[in-house]
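S.K.: Here is a sequence together with a model predicted from it:
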Amino acid sequence: MDLLNKGVTLKPAAFDKLNNLLTVVCIEVSTSMTNKEVTEAKCRVANRIDSIL
């Protein structure tokens, strides 16, 4: 994103891939977690499986 901000241009195919990636990421992070996902996340934290959580 910094490079794009500095004026670096991407080939159309690369831009399409970046656009698709950002769309998928946006959808993933903007949706609410299900009860099952919350339980799994709490379990991982409790068992220190995901250190970034």
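M.R.: That came through, no problem.
S.K.: where does the chain have low pLDDT?
M.R.: The chain contains residues with pLDDT under 70 at 49-53.
S.K.: Taking the centroid of it, which residue is nearest it?
M.R.: Nearest to the geometric centre of the chain sits residue 25, at 3.9 Å (Cα atoms, centre = their mean).
S.K.: where's that residue relative to residue 35, distance?
M.R.: 23 Å (Cβ to Cβ, to the nearest Å). (Glycine included, C-beta is placed from N, CA and C.)
S.K.: the longest helix in the chain is where?
M.R.: Taking DSSP state H as the criterion, the chain has its longest helix at helix 12-30.
S.K.: Going toward the C-terminus from that helix, what's the next helix or strand?
M.R.: As assigned by DSSP states H and E, the chain's next helix or strand after helix 12-30 is helix 35-46.
S.K.: from the chain's centre, how far out does that next one sit?
M.R.: 18 Å (Cα atoms, centre = their mean, to the nearest Å).
S.K.: what comes up buried for it?
M.R.: Residues of helix 35-46 classed as buried by neighbour count (16 or more other Cβ atoms under 10 Å): none.
S.K.: and it, what does it pack onto?
M.R.: Packing partners of helix 35-46 (3 or more Cβ pairs under 8 Å, 6 or more residues apart in numbering; DSSP states H and E): none among the helices and strands.
S.K.: Keeping just the C-alphas, turn that helix into PDB.
M.R.: Output in PDB follows, covering the C-alpha atoms of helix 35-46 (Å, rounded to 0.1, in the frame of the first residue of the first chain):
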ATOM      1  CA  ASN A  35     -20.300 -18.900  18.800                       C
ATOM      2  CA  LYS A  36     -18.100 -21.900  17.600                       C
ATOM      3  CA  GLU A  37     -15.400 -19.500  16.400                       C
ATOM      4  CA  VAL A  38     -15.400 -17.600  19.700                       C
ATOM      5  CA  THR A  39     -15.100 -20.900  21.700                       C
ATOM      6  CA  GLU A  40     -12.300 -22.100  19.500                       C
ATOM      7  CA  ALA A  41     -10.400 -18.800  19.800                       C
ATOM      8  CA  LYS A  42     -10.800 -18.800  23.600                       C
ATOM      9  CA  CYS A  43      -9.500 -22.400  23.700                       C
ATOM     10  CA  ARG A  44      -6.500 -21.500  21.600                       C
ATOM     11  CA  VAL A  45      -5.700 -18.500  23.800                       C
ATOM     12  CA  ALA A  46      -6.100 -20.700  27.000                       C
END
